[in-house]
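Trainee: Need a 3D model of the sequence below.
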Amino acid sequence: MCGSGAAGRFLDFKDDVREALENNRPVVALESTIIAHGMPYPENLKVAREVENIIRGYGVVPATIAVMGGKIKIGLSEEEFELLATSGEVIKASRRDLSIVLAKKLTAATTVAATMVAAHLAGIEVFVTGGIGGAHRGAEKTFDVSADLQELARTPVVVVCAGAKSILDLSLTLEYLETMGVPIIGFRTDEFPAFYCRESGLKVDYTVEDEIEAARIIKTKWDLGLKSAIVIANPIPEEYALSRTYVNRIVNRTILEAAKKGIKGKKLTPYLLSRINELSEGKCLAANIELVKNNARVGAKIATAIKM
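Mentor: Below is the predicted model:
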């Protein structure tokens, strides 16, 4: 059932999303931070539309999630997409922010963590994003760890991603997820992907070769009542991937710049991604776009297979 319980009064479903959920048809959730904070205009709007169209092309209903007017929007209109893409006053909302932005009727784009919360409340099983957050470099001293990791540990949603963002300490991120019991499954890969790069030098424990095998594991986990998410780590297509050496050189420079400027907290990741795009002369943005599209294809197929 979509939107059941007390939280249901905060959910506002787009008509096609509600109809699909009520008829047990596949739906894929999408975050909105990538639109408001992850990419520059007009690429953000173009990519958001393309990703939704890719998902529709597989007979699956996309549901981009955001907070507007005291409601969690489960699926957005064209006007709402435009607002997120062009307004400079959209808040970046994680789990801790949801009750506040709803009560104050603020406009907010949802992070991975907040989108997982909303998708689960809405009854959506599969969520597609670019890359998950994780432990930032130096987190063993700063405790700068994304709320995404806690959400992955407690919210039973399938998260299809190109691994974790390259700006992070991937080894610490995987250690945390292992401790919290979050399965990391490589989609046709035995190596944990690093967002712009296919390789990270870190292995995953399990792999699947197709969406049917992935769906069988997912349904088994749901039947067992295990509450964590499942991460489907889907590497960027080889023709769009960047080398680890090239990306690490740019990331290291950008992290040093951010530290000197005192940029931290919610502002850090958007700053790093924007600066990385500048230094790479658009190469990293192009890779980001292609990996999100690729995740949408895999997510749509998995959402379909779960319903079989």
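
Trainee: Now do stretch 23-40, average pLDDT.
Mentor: Averaged over stretch 23-40, pLDDT sits at 93.

Trainee: and the end-to-end length of that stretch?
Mentor: 37 Å (Cα to Cα, to the nearest Å).

Trainee: again, but for stretch 255-270
Mentor: Using Cα to Cα, the two ends of stretch 255-270 sit 12 Å apart.

Trainee: Residues touching it, excluding its own?
Mentor: Here stretch 255-270 makes contact (Cβ atoms under 8 Å, 6 or more residues apart in numbering) with H37, G38, K92, G133, H136, R137, D144, K165, I167, Y271, L272, R275. Yep, even glycine has a C-beta here, placed from its N, CA and C like the rest.

Trainee: Output those residues as TSV; include the columns neighbour count and secondary structure.
Mentor: Shown next, in TSV, are those (neighbours: other Cβ atoms under 10 Å; DSSP: H, G, I helix; E, B strand; the rest coil):
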residue	neighbour count	secondary structure
H37	21	helix
G38	24	helix
K92	20	strand
G133	23	coil
H136	22	strand
R137	17	coil
D144	16	coil
K165	26	coil
I167	27	coil
Y271	18	helix
L272	22	helix
R275	20	helix
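
Trainee: Can you tell me which residue is spatially central in the protein?
Mentor: Among the residues of the chain, the one closest to the centroid is T129, at 2.8 Å (Cα atoms, centre = their mean).

Trainee: Would you check that that residue makes contact with E31?
Mentor: Yes: with contact defined as Cβ atoms under 8 Å, T129 reaches E31; the gap is 5.3 Å.

Trainee: and for the two, which residues touch both?
Mentor: Residues touching both T129 and E31 (Cβ under 8 Å, 6+ apart) are V112, T115.

Trainee: Let me know how buried Y176 is, in neighbour terms.
Mentor: Y176: 20 surrounding residues under other Cβ atoms under 10 Å.

Trainee: contacting residues for the nearest residue to A164 once chain neighbours are set aside?
Mentor: In space, and not counting its chain neighbours, A164 is closest to G134: 4.4 Å by Cβ to Cβ, 6 or more residues apart in numbering. Contacts for G134 (Cβ under 8 Å, 6+ apart) come out as V145, S146, D148, L149, A164, K165, L168, D169, L170, L172, T173, Y176.
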